[in-house]
Every structure is written in structure tokens, then in C-alpha cells.
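Trainee: coords please:
(one chain, ligands or ions: 1)
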Amino acid sequence: MSDLKTILSSGKEASPQRFHPWIFSGAITKTRRHSDNKEVEPEDGDVVTVYSNKDEYLGTGHYQNNSSIAIRIITFEEEKIDQNFWNKRIQNAYDYRKLINVITPETNIYRLVHAEGDRLPGLIIDVYGNTAVIQAHSIGMYLALENIKVALKNAMGDALQVIFHKSKETLPKDYAQKVENGYLLKEAEPTKTALEYGNSFNISWEDGQKTGFFVDQRENRNLLAKYSKGKNVLNTFCYSGGFSVYALKAGANLVHSVDSSAKAMDLVNTNVALNPCEGKHESFTADTFDFLEKNDCSIYDVVILDPPAFAKHHNVKHNAVQGYKRLNMTTLKQMKSGSILFTFSCSQAIDMPLFYGTILSAAILAGKKVRVMHQLSQPADHPINLFHQESSYLKGLVLEVE
Ligand code: SAH
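Mentor: Numbers count the residues shown, from 1 in each chain. You can find the predicted model right below:
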């Protein structure tokens with residue numbers, strides 16, 4: 001057990017007792033050492049045990065100063081956080097991916113650890129063939145990297161030959177100054193071209209966004225394929241062109257990919273070239289709002305809107321809703337009868353009812369009648385922790401414009 005014992009103020013035990021893994025700084029009264037009962041200030045990343053003010057054990061987690069989430073609980077059992085703990089958790093995550101059958105001859109791109117969804121708050125691990133890319137979002141997870149590496153190798157054996165660590169972007173800025181991204185393991189050349197439902201993608205973890213690829217849209221991209229044959233498709237916020245490749249492979253007549261990042265355009269062009277198809281593809285480095293305003297979008301049969309999270313925090317929720325409304329209204333206004341809109345939000349702070357209401361307002365403002373064909377979410381390798389609503393972040397609607 002950790003020697004640090006953090007005590008919550010009265011009433012604040014209710015949330016961890018319902019297995020919510022976040023303890024906010026305002027809930028904490030003090031931290032003492034178990035050994036001599038002396039009051040201490042925990043260091044960033046320390047493992048602390050959490051107790052109610054009636055001295056009931058609540059959980060064990062990673063402490064982080066200057067963060068509104070002061071403790072991220074990694075276990076609600078009284079257990080040691082040793083190599084055995086990490087082995088158990090990572091093995092459990094790998095077994096779960098086998099249970100959901102995400103790893104197949106056609107797919108070797110998947111999320112192995114989805115933070116709170118895998119009872120490992122602050123940790124993301126995506127796998128691309130023989131390579132795992134780790135992002136630590138908390139200092140505690142960063143300090144546990146060596147244990148995580150050993151546990152990964154233990155669980156996956158020869159299936160894992162490369163581990164890349166990429167937390168400089170995800171750790172608190174001050175702390176990240178001393179952190180360097182790099183390879184923790186390189187037993188072979190990394191898989192550069194990985195597969196998703198038989199589609200090939202070049203993954204750029206070293207200098208791409210996030211872990212290199214937006215793994216969470218797999219099932220939604222696969223759904224798009226159903227509606228793409230012979231169609232003109234506009235894929236906005238395309239990043240490395242996941243939706244574009246699926247549309248082209250499914251026989252789209254024309255695909256236009258739009259992203260404001262020039263680097264993304266290189267990635268999308270590479271990925272389209274990796275998957276030879278008859279349909280025409282063009283990419284545009286442009287702001288989506290500008291593109292929508294300057295071009296005649298009534299030529300498209302299918303449009304995808306997959307913007308970055310407009311609301312990273314609850315206090316900017318209102319602005320985010322306005323952003324989604326404007327984006328969807330501008331698009332819907334131009335869409336012709338019988339066309340289909342795939343529209344998404346990946347903001348944690350915007351739940352499905354709010355997203356639905358926002359799209360409803362956008363349709364009213366655009367003067368369009370629409371039907372909901374599908375309500376979309378995140379795939380099973382991005383599991384939602386039932387006790388932590390925040391882990392349900394991806395929402396999507398597929399609409400038919402009447
Ligand atoms: N749909 C993508 C993931 C989108 S991530 C996929 O399936 O892989 C969001 C993307 O939006 C990023 O690539 C970012 O560069 C781009 N972006 C952000 N703001 C933008 C804007 N105003 N116009 C166009 N692209 C933008």
C-alpha cells in the first residue's frame with residue numbers, strides 16, 4: 001500500500017463509493033503519512049490511498065497538484081500498485097479486445113487502453129500492427145511507464161515489437177518540458193502501414209495528431225461505405241482521410257477531402273494512394289467554414305462533418321454549441337434533397353441530448369426537413385465506464401435531407 005493517505009471532507013465519499021474515478025481538489029482536506037501520521041503535501045504523480053473522513057478506504061490513485069482533478073483513482077480495491085497490478089490491468093484490457101473480436105486479419109488498428117473505460121484514468125494506448133503508441137495524460141501514468149511497458153510485453157508477447165511513447169503533448173505544460181517522446185522498445189521495424197477493415201493506412205505517430213490516427217471512427221467509417229457507391233462525397237475535417245478512403249474503396253464517384261492542416265493533406269494523399277480506386281479524389285487545405293461558403297456544396301450526395309472538440313471544458317459549452325450549430329446550419333442549407341449528412345461531436349461536455357438539440361436548431365435555421373437514419377457512438381474498443389459518464393465522448397447523427 002502507498003504510505004500516503006488522503007482524506008476527503010464529509011460527504012465527498014459518495015462519488016468514489018459510486019466508482020466515479022475522479023477526486024476534485026475541493027474534496028480533499030489533507031494528506032497524512034500512514035507510517036508516522038504526519039501531514040504532508042503529495043508530489044505530482046504520487047500514488048495515494050483515499051479515505052473518507054470516517055476513515056473508510058475508498059480507493060487508490062495518482063495525485064496531481066494544480067489540476068482540478070487532484071486524484072485519478074486506479075483501483076477501488078485495497079491492493080498494492082506493483083508490477084502485478086499493471087500486468088493484471090493490461091492483460092484484462094488485451095483479453096477484452098479479444099472478447100470483442102476487434103483484432104482480425106483485416107484490422108490491426110485498435111485501442112488497447114481507453115483510460116477510464118479500462119479503469120486506467122490518464123492512459124491511452126493505441127495499437128498499429130506490431131506497434132503500441134502510449135499517451136499519458138497524467139503524471140502518475142507517465143511515472144508508471146516502465147511498469148506499463150513490461151505489462152504490455154507480458155500480455156502481448158511477440159505480437160508487440162515496438163512501443164512509442166508520446167506524452168509531451170498530453171502532460172501539463174510545465175512538467176512536459178522535461179519529457180521527451182521516443183521509442184521504449186524497438187525489437188523490429190514498426191508497422192508503418194496498418195489495416196482497418198482491409199483498408200491500408202500509413203500511421204504517423206511521431207509527428208501526427210494524437211497517437212497518429214483517429215481509431216474511434218472505425219465503425220462510422222464502415223457505415224459510410226454503405227452509402228458511398230457512385231456518390232459525390234465531401235469529407236471535411238478529414239485529417240488522414242479515414243472517411244475518404246472508405247468512400248473511395250466503396251466506389252464513390254468523387255471524394256473531396258478538406259482540412260486546415262497542410263500536413264493532414266499529405267497524409268490523406270498518401271492514404272488514398274495506398275488504396276487504389278477508380279473514383280476521383282481531390283484534397284483541399286482549407287478552413288471548413290470558408291470551403292462551405294465559397295463552394296457549391298449542392299454537388300455532394302454525402303457530407304461528413306467531423307470537427308475537433310469545440311468544447312474541451314464545461315465552461316466553454318455554450319460557445320461550442322454555437323459552433324456546432326453554425327457549422328451544421330451552413331452545411332444543411334446547401335444540401336440537396338436526398339443527400340446524407342454524417343455529423344459528429346467528440347466533445348466530452350456535449351452529451352447526446354444536447355448534440356441532438358443543437359442539430360435540430362441547425363436544421364430549423366437552415367429551413368430543411370431531415371430524418372435521423374442512425375445515431376452513432378464510439379466503438380467497443382473505446383468502452384464507456386458506466387460510472388463515468390465523461391468517457392462517452394463521441395456522438396454522431398446520420399441525417400437524410402428531405
Ligand atoms: N475525421 C478525421 C478526424 C478529424 S480530427 C478522421 O477520421 O481521421 C479533426 C481535424 O480537423 C484535424 O485534422 C484538424 O487539423 C482539422 N481542423 C481543425 N479546425 C479546422 C477547420 N476550421 N477547418 C478544417 N479543418 C480543421
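Trainee: ok, how many other residues are close to K80?
Mentor: As a burial measure, K80 scores 12 neighbours (other CB atoms under 10 Å). For glycine as for every other residue, the C-beta is placed from the backbone atoms N, C-alpha and C.
Trainee: Hmm, I typed the wrong one, I wanted A252.
Mentor: A252, neighbours per other CB under 10 Å, totals 27.
Trainee: Those residues of the stretch 151-300 of the chain touching the ligand, which are they?
Mentor: Within the stretch 151-300 of the chain, the residues that sit near the ligand (CB under 6 Å from any ligand atom) are 209, 214, 217, 237-240, 242-243, 258-261, 264, 287-288.
Trainee: among those residues, which are in helices?
Mentor: G242, F243, A264, T288 (DSSP state H).
Trainee: The third one touches T236, doesn't it?
Mentor: What that stands for is A264. No - the pair A264 / T236 is not scored as a contact, 11.4 Å apart, by CB atoms under 8 Å.
Trainee: just to revisit the earlier point, now tabulate the ones in helices among the residues of the stretch 151-300 of the chain next to the ligand in JSON lines and tack on neighbour count and pLDDT.
Mentor: Below are those laid out as JSON lines (neighbours: other CB atoms under 10 Å; pLDDT from 0 to 100):
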{"residue": "G242", "neighbour count": "28", "pLDDT": "98"}
{"residue": "F243", "neighbour count": "28", "pLDDT": "98"}
{"residue": "A264", "neighbour count": "22", "pLDDT": "96"}
{"residue": "T288", "neighbour count": "21", "pLDDT": "98"}
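Trainee: right, and out of those residues, which lies closest to Y183?
Mentor: Closest approach to Y183 among these (CB to CB): A264, at 24.1 Å.
Trainee: check contacts around the closest one.
Mentor: The contact partners of A264, by CB atoms under 8 Å, 6 or more residues apart in numbering, come to Q209, C238, Y239, S240, T285.
Trainee: Next one: it relative to S240, how far apart?
Mentor: 6 Å (CB to CB, to the nearest Å).
Trainee: for E116, same thing?
Mentor: With CB to CB as the criterion, E116 and S240 are 26 Å apart.
Trainee: so where's the stretch 301-402 of the chain shaky on pLDDT?
Mentor: The stretch 301-402 of the chain contains no residues with pLDDT under 70.
Trainee: near the ligand, which residues of it?
Mentor: Residues of the stretch 301-402 of the chain lying near the ligand (CB under 6 Å from any ligand atom): D306, P307, P308.
Trainee: Name the residue in E116 and S240 with the higher neighbour count.
Mentor: S240 (26 against 23).
Trainee: My guess is that one contacts N271. True?
Mentor: Yes - here S240 reaches N271: they are 5.7 Å apart, a contact under CB under 8 Å.
Trainee: Between those two, which contacts overlap?
Mentor: F201, N202.
Trainee: about what we covered before: can the contacts of A264 go into CSV with extra columns for pLDDT?
Mentor: Listed next are those as CSV, based on pLDDT from 0 to 100:
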residue, pLDDT
Q209, 95
C238, 98
Y239, 98
S240, 98
T285, 98
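Trainee: Pick the one among these closest to Q91.
Mentor: Q209 (29.2 Å).
Trainee: quick one: the closest one from Y183, how far?
Mentor: 19 Å.
Trainee: go on, T236?
Mentor: 34 Å.
Trainee: neighbour-wise, which of these two wins?
Mentor: T236 (25 against 12).
Trainee: just so I have it, where are all the strands in the stretch 201-350 of the chain?
Mentor: Along the stretch 201-350 of the chain, the segments classed as strands by DSSP state E, counting those that start in this stretch run 232-236, 254-259, 280-285, 302-305, 340-345.
Trainee: Could you list the paired strands of the second one along with their orientation?
Mentor: It stands for strand 254-259. Sheet pairing of strand 254-259 (DSSP bridges) gives strand 232-236 (parallel), strand 280-285 (parallel).
Trainee: from those strands, which stretch is densest packed?
Mentor: Per residue and on average, the most neighbours among the strands paired with strand 254-259 fall to strand 232-236, with a mean of 27 (mean count of other CB atoms under 10 Å).
Trainee: Now the stretch 51-200 of the chain against the ligand: closest residue?
Mentor: E196 (10.3 Å; CB to the nearest ligand atom).
Trainee: any idea how far that residue lies from M156?
Mentor: 19 Å.
Trainee: Comparing the two, which residue is more hemmed in?
Mentor: The neighbour count for E196 versus M156, taken as other CB under 10 Å, is higher for E196 (22 against 18).
Trainee: R218 is in contact with the more buried one, correct?
Mentor: Yes - using CB under 8 Å, E196 is in contact with R218, at 5.7 Å.
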